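A.B. asks: Just the structure for this:
(chains A, B, C and D)
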Number of protein chains: 2
Amino acid sequence: MEYTVQKLGKLAGVSTRTLRYYDEIGILKPARINSSGYRIYGQEEVNKLQQILFYRELGVSLENIKEIVTAPSFDGASALKGHRDKLLERREQLDLLIANVDKTIAAIEGRITMSDREKFEGFKQKMIEENEAKYGNEIREKYGQEQVEKSNKAFKNMSKEDYDKMTNLANEILETLAEAIKTKDPASELAQKAADLHKQWITMCWGDYNKEAHAGLAQMYVDDERFTAYYDEKQPGTAVFLRDAIHIYTGIKA
Amino acid sequence: MEYTVQKLGKLAGVSTRTLRYYDEIGILKPARINSSGYRIYGQEEVNKLQQILFYRELGVSLENIKEIVTAPSFDGASALKGHRDKLLERREQLDLLIANVDKTIAAIEGRITMSDREKFEGFKQKMIEENEAKYGNEIREKYGQEQVEKSNKAFKNMSKEDYDKMTNLANEILETLAEAIKTKDPASELAQKAADLHKQWITMCWGDYNKEAHAGLAQMYVDDERFTAYYDEKQPGTAVFLRDAIHIYTGIKA
DNA sequence: ATTGACATTGACGTTGCGTAAAGGTGTATA
DNA sequence: TATACACCTTTACGCAACGTCAATGTCAAT
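C.D. replies: Modelled structure (predicted):
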């Protein structure tokens, strides 16, 4: 089957302007130009457009789409499997947002209370995802770590100094903890220093600070195995130790 | 809790530029300006920003968001319930897209075949939804039918004539069918005329035509109760009659 | 031969911000 | 007390991904 701009446009649900634009920027060239200068698209172009729309749907910029689909190594089939994963991720994120709406409604009706931070839960996840779309896998492989760090910095809306400070802080926490745990006393000076460093870290992450959230997060480090794994990597029991230290530091048991 | 631009930005996952822009266009004004000219946001603004981000997430333009959230009749609680519904719709649409990817993968692996039209299934639904976001309920109530027609026209990327023609065609099909069914013969001249009109209608909808799809759609009119209801509204049995006529017209039984 | 829906190439407009530039503010530290 | 340094401000230009004319050519049907 052969298509003119309008036919392909109707088929795919895009405007003729879009198709001409895609031709202009070299992301989807027609199979041939007929004697009157009309753009004629064929089977291959239909499939390519489908791929392009998948990437677009995922928030990838046309510039990056171009790099991806015109690359000689481009493999349509494996790209589709990537799309699948991303779409599933997106559905999870959607569920998070829906849960957020439900919570907000419940909060308005007075059934529960909701912190300001909770009010924006689903949105931030979305940003991470969009960032991934921008500087995701394909790009990561090409330009390496630098781009990714830049994007992380951009995402967090931080200055370079802030970003470095946070990275250092995270390391310092781990080091201090490694020393502190030898005392076996979560009330010890070193343990309390670790808790204080952790407070600073949280403040940078969230932009604000309150003891309840801090104590709650500390408990989560124990309850959620992903966090437990992070802190316990070098020395099992570190997550529990940190939680105890923070509970003493804040004077709150979650 | 009071917030400066950066604190609120971090909390909500938006840039300071975005907050200043929202102030500039009058969609989110700070609670007050302090003695040094700093923007200070309070509790009310936090909640309003959350609402704004919900609408933005759903693809509503900032101009429309402004109309919505600044309207004196704006009811945050019921708006949230609206968000919930839209998000659920969006999840269904996502599932459609995911199904589409799965189908495409299966098609590449040769397990099934896939028509060009099927390749873009999920995307078009998305466009309808985006259009709803643009010219949706709130606007519909304000500007009435005109805007909605305009948007429908825009969505379908049709000329005004095309749009009118389609509407007329749809009516003509129903009228012809109403007459034809009296003959009780799906092979009758009138019934075949109805099938031919229906072919024209399909061609306008899809931009192309093939008999298999036509016959398949006819069968769907019988299988899917939403379509059956549409055709059977005036006279039960019309959907079945149309299907039979089309199967004769195309020479195919789905 | 004319109509009317198709196509073409410019070229300027729009949305929702990003990104300097140039400067004032507030507080911790040397 | 000075000096850093992260915070805030306004002004202003830049950008992606098209939308939207305008001016013109093409093609099939009446």
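A.B. asks: Could you show which parts of chain A are in contact with DNA strand C?
C.D. replies: For chain A, the contact set with DNA strand C under C-beta under 7 Å from any atom of the strand comprises A:4-7, A:16, A:20, A:37-39, A:154. In short, each C-beta sits where N, CA and C put it, glycine included.
A.B. asks: Reformat those residues as a markdown table; add pLDDT.
C.D. replies: Rendered in a markdown table, the data for the residues of chain A next to DNA strand C read as follows (pLDDT from 0 to 100):
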| residue | pLDDT |
| --- | --- |
| A:Thr4 | 95 |
| A:Val5 | 96 |
| A:Gln6 | 92 |
| A:Lys7 | 91 |
| A:Thr16 | 96 |
| A:Arg20 | 97 |
| A:Gly37 | 95 |
| A:Tyr38 | 97 |
| A:Arg39 | 98 |
| A:Ala154 | 36 |
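A.B. asks: In strands only, show me these.
C.D. replies: Using DSSP state E, A:Arg39 are the members of the residues of chain A next to DNA strand C that sit in strands.
A.B. asks: ok, and which of the residues of chain A next to DNA strand C reach DNA strand D?
C.D. replies: Within the set of those, contact with DNA strand D (C-beta under 7 Å from any atom of the strand) is found for A:Gly37.
A.B. asks: Among the residues of chain A next to DNA strand C, name the ones in helices.
C.D. replies: Among the residues of chain A next to DNA strand C, the members found in helices (DSSP state H) are A:5-7, A:16, A:20, A:154.
A.B. asks: Out of these, which end up buried?
C.D. replies: The neighbour-count test (16 or more other C-beta atoms under 10 Å in any protein chain shown) marks A:5, A:7, A:16 as buried among these.
A.B. asks: host element of A:Gln50?
C.D. replies: Using DSSP states H and E, the secondary-structure element containing A:Gln50 is helix A:43-57.
A.B. asks: Tell me which helix or strand comes right after the strand or helix carrying A:Thr167.
C.D. replies: A:Thr167 belongs to helix A:160-180 when elements are defined using DSSP H and E. As assigned by DSSP H and E, the chain's next helix or strand after helix A:160-180 is helix A:189-206.
A.B. asks: buried sites along that next one?
C.D. replies: Of the residues in helix A:189-206, those scored as buried under the neighbour-count criterion (16+ other C-beta under 10 Å) are A:190-195, A:197-199, A:201-202, A:204, A:206.
A.B. asks: Stretch A:242-254 too?
C.D. replies: Counting neighbours by 16+ other C-beta under 10 Å, stretch A:242-254 gives A:242-250, A:252, A:254 as buried.
A.B. asks: so what's A:Ile98 up against?
C.D. replies: A:122, B:84, B:87-88, B:91 (C-beta atoms under 8 Å, 6 or more residues apart in numbering or on different chains).
A.B. asks: try A:Ile112
C.D. replies: By C-beta under 8 Å, 6+ apart, the contact set of A:Ile112 is A:103, A:106.
A.B. asks: how does it look with 10 Å?
C.D. replies: Taking C-beta atoms under 10 Å, 6 or more residues apart in numbering or on different chains as the criterion, A:Ile112 is in contact with A:103-106, A:118.
A.B. asks: Any figure for the gap between A:Ile181 and DNA strand C?
C.D. replies: The span separating A:Ile181 from DNA strand C equals 27 Å under the rule C-beta to the nearest atom of the strand, to the nearest Å.
A.B. asks: Check the residue lying farthest from the centre of chain A and give its pLDDT.
C.D. replies: Each residue of chain A has a distance to the centre, and by C-alpha atoms, centre = their mean the biggest one is for A:Ser35: 48.4 Å. On pLDDT, A:Ser35 comes in at 94.
A.B. asks: Shouldn't it be within a helix?
C.D. replies: No - the assignment for A:Ser35 by DSSP: H, G, I helix; E, B strand; the rest coil gives coil, which leaves it out of any helix.
A.B. asks: can you list the buried residues of stretch A:242-254 in JSON lines and add distance to B:Lys48, secondary structure and pLDDT?
C.D. replies: Output for these, formatted as JSON lines (distance: C-beta to C-beta, whole Å; DSSP: H, G, I helix; E, B strand; the rest coil; pLDDT from 0 to 100):
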{"residue": "A:Leu242", "distance to B:Lys48": "37", "secondary structure": "helix", "pLDDT": "90"}
{"residue": "A:Arg243", "distance to B:Lys48": "36", "secondary structure": "helix", "pLDDT": "87"}
{"residue": "A:Asp244", "distance to B:Lys48": "40", "secondary structure": "helix", "pLDDT": "88"}
{"residue": "A:Ala245", "distance to B:Lys48": "39", "secondary structure": "helix", "pLDDT": "91"}
{"residue": "A:Ile246", "distance to B:Lys48": "33", "secondary structure": "helix", "pLDDT": "88"}
{"residue": "A:His247", "distance to B:Lys48": "35", "secondary structure": "helix", "pLDDT": "84"}
{"residue": "A:Ile248", "distance to B:Lys48": "39", "secondary structure": "helix", "pLDDT": "88"}
{"residue": "A:Tyr249", "distance to B:Lys48": "35", "secondary structure": "helix", "pLDDT": "86"}
{"residue": "A:Thr250", "distance to B:Lys48": "31", "secondary structure": "helix", "pLDDT": "83"}
{"residue": "A:Ile252", "distance to B:Lys48": "31", "secondary structure": "coil", "pLDDT": "71"}
{"residue": "A:Ala254", "distance to B:Lys48": "31", "secondary structure": "coil", "pLDDT": "52"}
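A.B. asks: what subset of those is also close to chain B?
C.D. replies: Taking C-beta under 10 Å from any C-beta of the partner chain as the test, chain B is in contact with none of the buried residues of stretch A:242-254.
A.B. asks: nearest to B:Leu174, of those?
C.D. replies: Of all the buried residues of stretch A:242-254, the one sitting nearest B:Leu174 is A:Ala254; the distance, using C-beta to C-beta, is 65.2 Å.
A.B. asks: can you tell if the helix or strand encompassing A:Glu67 touches chain B?
C.D. replies: Assignment of secondary structure by DSSP H and E places A:Glu67 within helix A:62-70. No - with C-beta under 10 Å from any C-beta as the measure, helix A:62-70 is seen stopping short of chain B, the closest distance being 14.7 Å.
A.B. asks: Let me see the mean pLDDT of stretch A:72-88.
C.D. replies: When pLDDT is averaged along stretch A:72-88, the result is 87.
A.B. asks: do that stretch and chain B meet?
C.D. replies: Yes - in terms of C-beta under 10 Å from any C-beta, part of stretch A:72-88 sits within range of chain B, namely A:76-78, A:80-88.
A.B. asks: out of those, which are inside helices?
C.D. replies: When DSSP H defines the helices, the subset of those inside them is A:76-78, A:80-88.
A.B. asks: of the residues you listed, buried ones?
C.D. replies: Using 16+ other C-beta under 10 Å, the buried members of these are A:80, A:82-84, A:86-87.
A.B. asks: about what we covered before: what subset of the contacts of A:Ile112 is buried?
C.D. replies: A:103-105.
A.B. asks: Return the subset of those lying in helices.
C.D. replies: Per DSSP H, those map to helices at A:103-105.
A.B. asks: Give me the domain ranges for chain A.
C.D. replies: The record's domain parsing of chain A by automatic domain parsing lists A:5-53, A:76-154, A:158-250.
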